[in-house]
Structures are given as structure tokens and as C-alpha cells.
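Undergrad: This is a predicted model, with the sequence first.
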Number of protein chains: 2
Amino acid sequence: MIDNTINDTSRIKDARYLSKVIKADEAAALIPHKAQIGFSGFVGAGSPLYIPIAIANRAQKLHEAGQEYKISIYSGASTDVDLDGILAKANCVEFRTPFNTDPNMRGRINAGETRYLDVHLSSLAWQVECGYFGDMDFAVIEISGITEDGKLIPTTSVGNNQAWLNAAKKVILELNIHQPKELEGFHDIYVQAKPPFREPIPLKTARDRIGTPYMSVDFDKVVGVVLSSTEDRLNRFTPLDEVSIAIGDNVAKFFAAEEAAGRLPKGKLLPLQSGIGNVANAVLAALSKAGYKGLECYSEVIQDGMLDLVKDGTVDLASASALSLSPTAVEEFRKNVDFYKEHIILRPQEISNSPELVRRLGVVAMNGMLEADIYGNINSTNVMGTQMMNGIGGSGDFARNGYLSLFLTPSVAKGGAISAIVPFVSHIDHTEHDTMVVVTEYGYADLRGCSPRERAQKMIAIAHPDYRDMLQDYFDRACAQPKPGHTPHILSEALSWHDRFNKTGSMKK
Amino acid sequence: MIDNTINDTSRIKDARYLSKVIKADEAAALIPHKAQIGFSGFVGAGSPLYIPIAIANRAQKLHEAGQEYKISIYSGASTDVDLDGILAKANCVEFRTPFNTDPNMRGRINAGETRYLDVHLSSLAWQVECGYFGDMDFAVIEISGITEDGKLIPTTSVGNNQAWLNAAKKVILELNIHQPKELEGFHDIYVQAKPPFREPIPLKTARDRIGTPYMSVDFDKVVGVVLSSTEDRLNRFTPLDEVSIAIGDNVAKFFAAEEAAGRLPKGKLLPLQSGIGNVANAVLAALSKAGYKGLECYSEVIQDGMLDLVKDGTVDLASASALSLSPTAVEEFRKNVDFYKEHIILRPQEISNSPELVRRLGVVAMNGMLEADIYGNINSTNVMGTQMMNGIGGSGDFARNGYLSLFLTPSVAKGGAISAIVPFVSHIDHTEHDTMVVVTEYGYADLRGCSPRERAQKMIAIAHPDYRDMLQDYFDRACAQPKPGHTPHILSEALSWHDRFNKTGSMKK
């Protein structure tokens, strides 16, 4: 809901900007049909909310009057329900990229009503800057303040904000006075040139600062500053379930084995990237339980679980592009902000997810997935090969370039009707070349150095017991064919598990 | 064939090494059953030949005597028929990585007799160094000379040579006196540390030299120097056919459009990577025909076609990991060696294929493939999903990180029985997230910014006319299903084209 009574301009220290203050409706009125808009927002953190609501209202009125009104949305990653959700409900999104988790937007995408482009998070900014998508008309960026010399203070995410500020022809700022003032100084904004003028990124450890804490903008491009007061999307934790805990323990077991083999620094590991959600939290909890201290994270998002580990010393340094906290965690964060400032850095997603840096730092990548096949190919995005879930996000940036690349999943979904390990994945986002270790609650399959046939046996061993015989049967019959080849498959059966699920509601025979 | 009479030690300038000269058979005798060996060799260039022959002879004798004898082979990329071929014939290869083009080795791999690991070429060296494959017992490296201070002069490829010299417990050098002496100075050897000690790679343009022209080795690890005199694999050109010429012209047309749109520097493009073979040569010829001058290449291999372009000024600088020339081209190269030294640099494949550098330089990646599906997923490796052809090679390093990523293919294979564009690829090496442009002789499909449904129409438009209606029919019926989703597919039919080919010899109905 838009509160039009907010008039606290105390965070605008550069007086020139005072004359640009407008209401959300006025901002929306500036945005024409077919506008291409770069929004701030990364995993529900730091996205503007008043302006999207006003755009949705405007769209609704125009649609009721029989007029066309659709926009294209470029973001950091997923945004709040009040951005993707409300705009999807208003059916005013022609094109969406690079990542979405909102169910209403997902519905539009799967119905073919909103064109969706699922891009590696490290790549969108430079592709926009290099003109692969035409002109960006507007940047709509949430900020927490404007400094005396006209610099912008980011809020809880950096994402592609600076790239959009640079690329857009016009800029609208949403100054959210509810965001903690104390965020100032957490960010490290670094901008890369376009080829052929790119330079080495001078970051050598996860804790290096290579830029400035502020975003910059051409004052003349700013056509409005909207005052708002909103919370980031609530990001509540569900208690860890048994399956997630078992997966976390298996990851810790794998790390212990790698340390013992001399392939990971003892007690320190290498910088960790971990995804979002229950399994990722369980991994962090398992590392804490295992007694690690002073770890470094080079990741995308800091959630409540990570904040806990920073507090208890398990993690000494957490680098990410967004701080996606629950209201309780925000309070804790505010209370001990000086402490956290020594341990947290927020970066542009071109840097947090940079292939160059992920490989240089030797990041240990841990990502969730929908399904894997017996040869280690991974589907992260399309349920049953056709229905978009969220998107690839940053998983490819980390999995391809990481020192280690782990994929984590419960062995079954939908109460056992879906096996996460199948003969042939129905969509591939990460190929066999990029999958090193797959972890379920039944153990880990270390696929490094294994030929496809060897991988199959290891993958079957960590599948849910209900599906192991079916997988083994498929594999054995595939190998028994006259010319099984390097990657044995029975093509007429390869996708039959998914087909059966679609027809009967279960992959089981 | 081994010539045991070679005794010219004039290229051994460090006298300490004279006492280490042994015959190939003696070298082979040092290598035990189950040895893990890092060989030099990249696209048939710079691989040792006498020692592999001697190993094969030894294996044959041991096998005849009923004894086990198998080795594991790590290389740069593909090697000569006299390495992969002869060892495969002797059936003495337990494990092979990362790339192979030899038909005999391919047979062993597809029969499941040799375990094969298909790895991104940029990644193998560091994975070996970090211990992912256990100890490397031997490095067997072709050199063209030893300097007074004991440095090694590489031959026609750099590949993973320095990494193997560093990682192996023992080293055998094959000094090939047939390799041009003039190769000295062409190479630029640069070594990266392991995480967490990696530094930015200080290369900013394709023409930068960041290392030294020589490889280094711990003298005490060297257990033998074998003198040899052999030619690199003959790499003869077949004349360009009409289809390849049309593909090349379509690439040139695409570049012209990108220049016009301001997305590529006019007349200069950005550093080019191009694969191997007829289509790649046709692209180079088309660029020459289009009048480009002073281009830069940041690629893997320099073949005859590239040498021609360097000579005529189309290409000003060619950086690669190997010089894979025909005997005629070698003569030309020798005659004008001073000229070529100003225009050619040979690098380790960790550098030629570095994700960090490919993205920094903004490389334009052009790779061949086996098949693409209507949504832009690419199969580069497994024919009909099961039979390994060669391997992914460096295509993933370039396609993922390039400024532009093109995949090139004739629209049909096997006289029209196989369509290179299918409903669902039978194996995926490059996902939809990494495919920007697909080119056939019928045009180019620019998939950037397109949702899957839009991509399908563009892909169908460049398919062979014989298959367009079949593809359109599949796509239309997939979209007409009750819940088509983001990526419409009919799972029960998705792989039916491949299945039909296996059963009838043609994808046509």
C-alpha cells in the first residue's frame, strides 16, 4: 500500500534533489507503454515497492479503458511480491528477466503471456550495457539516502543497480525511509568497462574492497524521487526438517574427507557459496555444528542463517549481493551494525557472481536443483521439462567456475511421487561437465574423475530406495544394448518417468 | 616408427642432460602398469610419438605374456594417431582425458573399455594440480630443445605441458629434432597458483605477453631424454564446400549487422575464437573476403587457414595453444619465421581458454556442434545421445564467457538422414543460457533476448527445408497442449527423431 503522506526528506542531503520529489502515481505516469525498466531488487531485498504498485494501478486503469499498457522488467534477481507479483496480477509485463520466484509471474510465464529470459546473473548487466536488448528507458532504484555530493546510498541489495543507473535514459529513485540508515558503508560498488577496455578485477580475497560505498547517477537523468516506507519481503525461516539436516551433515562429511585428502585447507575450507532456502540453511548449520570457525563466504545472498553464523564466529566474512533478512534479523542487524560492518560486504552481482573471481578465489559452490540424471546432468529450472520454476539464477556462475561444485537435493519430491534422480533429465541447466558432487539425504556421489558408467552407479546409490531398482534396471538394460556407447541410454524410455508423472501423478510404475 | 639411430644431441645445451639420454624402449620400460601419465599434445600438435609407440610395443608383449598393462592418459587436447591411436590399438589405456579425436580410441571409449572423462580444456590442469585425480606419475613432454640453463623449449603446442611438468613425480622428455628450431620464442608460459593464492591474470589484450618463452622442470625429476624425429600429424585442408562457404557468409553477414547496430567495433570486431575444420576455415575465408584487416584471434589452435590470414594481414595477432599445420604450411612458417613471430603467441590452455580472459577480452566464440534443439540447447559430443564423438574441448570455455557465442553447423548430416536441428537434443553440452546465435547454411538465428517460444521459430527458420514442417508440427502440437509451459515439449515424442534414426537410419518419417 502506498502511503502518500510520507514527507520526510531528511535523508536527501543534496538539496538539488528536493525539487525532484514526486508521488508514486506521478512517477508511474512518466512511464509509457512498452517501457524497458531496470528495477533494483535481489531475492526480495532492495526492490522498490511504491512505484511498481503505482504502475500496476495505472495499467489496470488503462486496461479497463481498453488501452494497451505493458512494460519490460530487468532486475537483479527475484523481487518482492509487490513488484513481480502485483505487476503480474495486473498483466502488464511483456518481458521479464533474469530471475523470478513469484507465483503470479510464474503463471504468466508458463502461460506464454510474459516472455521470460532466464540468464546467468553475472551476465545480464553487461549484455544490457552492450545493447543486446535495445535501449533501457528507465532505471527505478530503491535507495536509503542521497549524500551531500549527490551519491546514492543503496539499501539491502546491490544487484544490477549501478548498471541500470548507467544504462537507463531516465532514472526514478525510490527513497525508502524504512530501510536502516546504518546500511551506509556496507556496499562496495565497482564498475567494469565494456570490451575491449575491460581490466582485471583487482579482487584477491573475499574480504577485499575494490570500489566505493556509493552508487553514482547523472543528476540530469533523474526525473523523480519517490519517498516510501516499506519492509523488504518477509523472509521467515521454517525449522530445519530431518531430510535437510541429513543433507547438511553429508556435505560436512564430504568436506571432512576433502580436508583429510589435502584438497581443502583444514578448518578453513575455501570461500563458500550457498543457495537459498532450507537445504542451504541446513548446510550452514552443519558447518557450525562441525566446529568450523572463521570461514569466508563468497555468495549471492545473506539470509538469517548466515547472520547467525557471522554472529557466532563460524563465518568471519560474508560477501554477497543482497541482505535478505526477516524483521527479527533486521533488528539484530541494527543493534550490532558496527560488528556486522566488519564482516559483511555487499557487491554488484557482476562481482559477487563473476566467473573470473569465482575461479580465482576457488569458491566452493553449493546449489539446489530440481533433478539430476544418472550421468550428472542437472535440471534447475523446468519442472517436467516444460514448467518454469524460478530460473538458473547464479548457479551456473558458481557451478562452472567453482573449485568444487556441489548440487544438493532431497531424493524425492511430492511425497515420493517424483524422484530427484532420473534416467534422463527433462531439461539441462548444468551439464555433466560442471557437476562434481551430488548430495541427497542418503549420501554424496563424488563424480570427479568418473566416466558416465561409473557416475551412474554412484548416483543410483544416493537415490531414494524406492527408485534405486528402477534406475538400476534402466541402466543395466541401456548397457546391454548392442551399441551402448559412452553414455548408455534407451532413447524411447529416457523421458518416460516424466511422461508417466504427467499422466499418472507419479514416476513410480 | 622409431628410429633408434638418431643421436644428434646438439639441441641439448645444458650438458647435465646428456647423461639422461635414453632410447624410447628404455623410457617405456620405466613406466609401470597403472601409471598416470601427462602427455604433451594439442590437436595433433606437439605430442611425443616415439615413447607412445614404445609403450604400445611393451603393452603388446606383456599382454601376449598374459600380464596386465594399462595406463591413464592426460593430455592437452587430441593427440596424434601415433599416441591415442597406437595406444588404443594396443588396448593399454585404462583412462583418457580430456579430449580425443582418434577413431580407435573412440571405439574403446564407446565400448566402455577405456574410461573417458570429457572436461573443459581450461579446467583439467588445475584439477590435476589440486589432486582430483590422485598422483600424476609421469609427464611425457615433447620439446624442441634444452637451453644452457636447463629451460625447455616447447614445440608446436603448449597445452598442459607446464602443469604436467610441475605435477608429475617423474619426467621423460622427447626431444624432437624435426620440429623447427625457430619455434623458440613463440611461447608465453604463465603459471597460476592454486586457491587461495591465485592472482589476477595480468593479460589485458590478446597480444600481451605475461610469462616466459620457456618451460621449467626440476632436473632431478627427469628420468630420461629420448631423441626423436617425427612430423606432427598431417593436417591437410579439404577444399571448402558450398555449405561451409554459405555458413561462413552468414557469419560475416551477422557481424556486419552487429557492427551496424554498434555492438561490435567497426572493421575490427573483437578477438575471435574459432574451432577446427572446414566450417571454421570457411568463416575465416569469409572474413578475409569481407575485407577485414588487422583482426585479433584469441583461440585454441592455429591451422593453415589462420596462417594464410596472418600472411595477408586479415589477422594481425593470433593467440592460441597450438600450431597445427600441414607440412606445406610448416615450410611457409619456417621461411617467414621472423614475420610470424610478431603475429603469433602460443599459450598454456589454462590461459588460451581462461574464463577470466575470455570474458575480459570480449571474445567472439564460434564453435561447431552436432545438433541443436529448437530452444537453443547444444549437443557437441554424443551422437544420438550415446556415442561419444570427440568431446567438449574448449567450446564451453568460450561459449559461456564470450561476448558473443555462435554455434555453426550444416543443417543436415549423413546425406540428409540427420537434421542438425531437432525437437530435443539427445545430449546437452551447452545450455540455452549460453547459446546466442546459431548459424546454418540457411541463415542465422539470433536468439538473444528471445523467450523459448520465440527461439523455436527462429531455429525452425534455419533448419533444412526437409525438416521445417516436421519441426513446426512438433512445436505447434507442443504449444497446443493443456499446460504447455515455458518450454513446450511433448515428452513422449521429444527424443523420437533420434530413436527413429537408430531404428530406420533416418530421422525422416
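TA: Nice, I can see it. If you're wondering where the values come from, they're calculated on a predicted model, not measured in any experiment. Residues are numbered from 1 along each chain as shown, chains lettered A, B, ... in the order given.

Undergrad: if I read this right, A:F39 contacts A:S75, doesn't it?
TA: Yes. Taking CB atoms under 8 Å as the definition, A:F39 is a contact partner of A:S75 at 4.8 Å. Quick note: C-beta positions are derived from backbone N, CA and C, even for glycine.

Undergrad: shared neighbours, those two?
TA: A:S47, A:L83 (CB atoms under 8 Å, 6 or more residues apart in numbering or on different chains).

Undergrad: Show the backbone phi and psi for the residue in the stretch 301-450 of chain A that chain B sits nearest to.
TA: Per CB to the nearest CB, A:G362 is where the stretch 301-450 of chain A lies closest to chain B, at 2.4 Å. Phi and psi for A:G362, reported as degrees, to the nearest 10, are phi 70, psi 40.

Undergrad: Leaving out the residues flanking it, which one is nearest to it?
TA: B:P195 (2.4 Å; CB to CB, 6 or more residues apart in numbering or on different chains).

Undergrad: Can you give me the neighbour number for the one you found?
TA: Using other CB atoms under 10 Å in any protein chain shown, the number of residues around B:P195 comes to 20.

Undergrad: okay but the residue of the stretch 301-450 of chain A closest to chain B is in contact with A:L272, surely?
TA: No. Look at A:G362 against A:L272 with CB under 8 Å: they stay out of range, at 10.6 Å.

Undergrad: got the contact list for the residue in the stretch 201-350 of chain A positioned nearest to chain B?
TA: Here the residue of the stretch 201-350 of chain A nearest chain B is A:R263; by CB to the nearest CB that distance is 5.1 Å. Neighbour list for A:R263: B:C130, B:G131, B:Y132 [criterion: CB under 8 Å, 6+ apart].

Undergrad: do the same with A:E68
TA: A:H33, A:L62.

Undergrad: And it, how far from A:P32?
TA: Distance check for A:E68 against A:P32: by CB to CB, to the nearest Å, it reads 11 Å.

Undergrad: is it true that A:H464 touches A:I418?
TA: No. Here A:H464 does not reach A:I418: they are 9.8 Å apart, not a contact under CB under 8 Å.

Undergrad: Which residue ranges of the stretch 1-150 of chain A form helices?
TA: A:24-29, A:50-64, A:86-89, A:103-110, A:124-129 (DSSP state H, counting those that start in this stretch).

Undergrad: mind listing what's buried in the first one?
TA: In terms of neighbour count (16 or more other CB atoms under 10 Å in any protein chain shown), helix A:24-29 has its buried residues at A:A24, A:D25, A:A27, A:A28.

Undergrad: can I get these in CSV with distance to chain B and pLDDT?
TA: Compiled in CSV, the buried residues of helix A:24-29 are given as follows (distance: CB to the nearest CB, whole Å; pLDDT from 0 to 100):
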residue, distance to chain B, pLDDT
A:A24, 29, 98
A:D25, 31, 98
A:A27, 26, 98
A:A28, 25, 98
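
Undergrad: Just give me the neighbour total for A:W126.
TA: Residues lying near A:W126 (other CB under 10 Å) number 20.

Undergrad: again with A:E331
TA: Around A:E331 there are 12 residues (other CB under 10 Å).

Undergrad: now do A:A260
TA: A:A260: 10 surrounding residues under other CB under 10 Å.

Undergrad: Looking at the spatially most central residue of chain A now. What's its pLDDT?
TA: For chain A, the residue nearest the mean C-alpha position is A:G393 (4.7 Å; CA atoms, centre = their mean). Per-residue confidence at A:G393 stands at 97 (pLDDT).

Undergrad: show me what contacts it?
TA: A:A77, A:P98, A:F99, A:L121, A:G275, A:E300, A:S380.

Undergrad: Let me see the backbone angles for it.
TA: When read as degrees, to the nearest 10, the backbone of A:G393 gives phi 60, psi -140.

Undergrad: just the strands in the stretch 401-509 of chain A please.
TA: According to DSSP state E, counting those that start in this stretch, the stretch 401-509 of chain A carries its strands in the segments A:404-408, A:412-413, A:418-419, A:421-422, A:437-440, A:443-446.

Undergrad: could you check whether the fourth one is close to chain B?
TA: No. Strand A:421-422 stays clear of chain B (CB under 8 Å from any CB of the partner chain), getting no nearer than 11.7 Å.

Undergrad: outside of that strand, which residues touch it?
TA: Contact with strand A:421-422 is made by A:371-374, A:411, A:438, A:440, A:459-460, A:462-464, A:467, A:471, A:497-498, A:507, as judged by CB under 8 Å, 6+ apart.

Undergrad: Any of those buried? List them.
TA: A:371-374, A:411, A:438, A:440, A:459-460, A:462-464, A:467, A:471, A:497-498, A:507.

Undergrad: shaky segments in the stretch 101-250 of chain A?
TA: Along the stretch 101-250 of chain A, the model assigns pLDDT under 70 to residues A:233-237.

Undergrad: and it, which residues reach chain B?
TA: A:109-110, A:112, A:115-120, A:127, A:130-133, A:194-196, A:198-202, A:204-205.

Undergrad: Buried only: go through those residues for me.
TA: Buried among those by 16+ other CB under 10 Å: A:109-110, A:112, A:115-120, A:127, A:130-133, A:195-196, A:198, A:200-201, A:204.

Undergrad: what about whatever residue of the stretch 51-200 of chain A ends up closest to chain B, which SS state?
TA: Here the stretch 51-200 of chain A gets closest to chain B at one residue, A:P195, 2.4 Å apart by CB to the nearest CB. Under DSSP: H, G, I helix; E, B strand; the rest coil, the three-state class of A:P195 is coil.

Undergrad: Could you measure from the residue nearest to A:T440 when sequence neighbours are not counted over to A:T238?
TA: Nearest residue to A:T440, sequence neighbours excluded (CB to CB, 6+ apart): A:S411, at 4.2 Å. Distance, A:S411 to A:T238, using CB to CB: 19 Å.

Undergrad: could you give the angle of the helix ranked longest in chain A to strand A:404-408?
TA: The longest helix of chain A (DSSP state H) is helix A:242-260. Here helix A:242-260 points in a direction 160 degrees away from that of strand A:404-408 (axes from the mean of the first three to the mean of the last three CA atoms, to 10 degrees).

Undergrad: I'm done for today, thanks for sticking with me.
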